[in-house]
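Q: Please work out how this folds:
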Amino acid sequence: MFVLGSGPEPIRRRIDFLPGVSERGTFRYTCEGWGLIQLQYGGRYRDELRWSHTNHNSEKRARAWAASIPRLGDPAEWNWPAVTSASAKLNRKVRGMAVSKISSHSVLPHVAQFIADNGLQYEYGTGIHPNPIAA
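A: Prediction:
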C-alpha cells in the first residue's frame, strides 16, 4: 500500500515464472518502493488458516539495503513518519474490528466464523489447524 504524499510513486515490475511453477499463470506484477506497507493475506491453505499480517520498512533498514537495490531510489525521499503512522493506523483499525484474539493475532468476524465452522483450534507454525502438531 502506498501512503499518498509519503514518497516517490511505487515501481511496477513484472515477475515471470519458470515453466510449471504456478498453475494460475505465467507471471505476476509486484509494486516496489522503500516506504510501501505490505499486507500479507494468509487465507486458507489445505486444512489450515494462515495468519495475515502487515509490515513496512524502517528508514534504517531501507538505508542499509539501498546500495543493493538501487532501482528503488534514495530512501531519504520518503516521509518515514507518515509511513509509520499510516501502518500503525491500519493495525489499530484491524484490532478495533476484531471479535477475539488468538495469541497476538486479531480475529475478525468472518474469520472467527470460519475457525468455528472448520474446527480449527491448534495454533502452531504459520497458522491455526484442526489437529495438534505431530510429534
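Q: Just want the most central residue of the chain.
A: Averaging the C-alpha coordinates of the chain gives a centre point, and the residue nearest to it by Cα atoms, centre = their mean is Q40 (2.2 Å).
Q: which residue packs closest to it, ignoring adjacent ones?
A: H53 (5.3 Å; Cβ to Cβ, 6 or more residues apart in numbering). In this view, the C-beta of every residue, glycine as well, is placed from N, C-alpha and C.
Q: My read is that that neighbour contacts I37, right?
A: No: proximity of H53 to I37 does not meet the contact threshold set by Cβ atoms under 8 Å, at 11.1 Å.
Q: Of the two, which one has the most company?
A: When H53 and I37 are compared on other Cβ atoms under 10 Å, the one with more neighbours turns out to be I37, at 19 against 14.
Q: What values do phi and psi take at the more buried one?
A: For I37, the backbone dihedrals are phi -100, psi 130 (criterion: degrees, to the nearest 10).
Q: show me the contacts for it.
A: Listed by Cβ atoms under 8 Å, 6 or more residues apart in numbering, the contact partners of I37 are 1-3, 54-56, 83, 86-87, 90.
Q: in the sheet, who's paired with it?
A: I37 forms beta bridges with H56, as assigned by DSSP bridges.
Q: Tell me, how many residues neighbour H129?
A: Using other Cβ under 10 Å, H129 is surrounded by 19 other residues.
Q: Which residues does it form beta bridges with?
A: On the basis of DSSP bridges, H129 takes part in beta bridges with Y122.
Q: any idea how far it lies from I69?
A: Spatial separation of H129 from I69 under the definition Cβ to Cβ, to the nearest Å is 36 Å.
Q: Then A88?
A: Shown here: A88 relative to I69, a distance of 25 Å by Cβ to Cβ.
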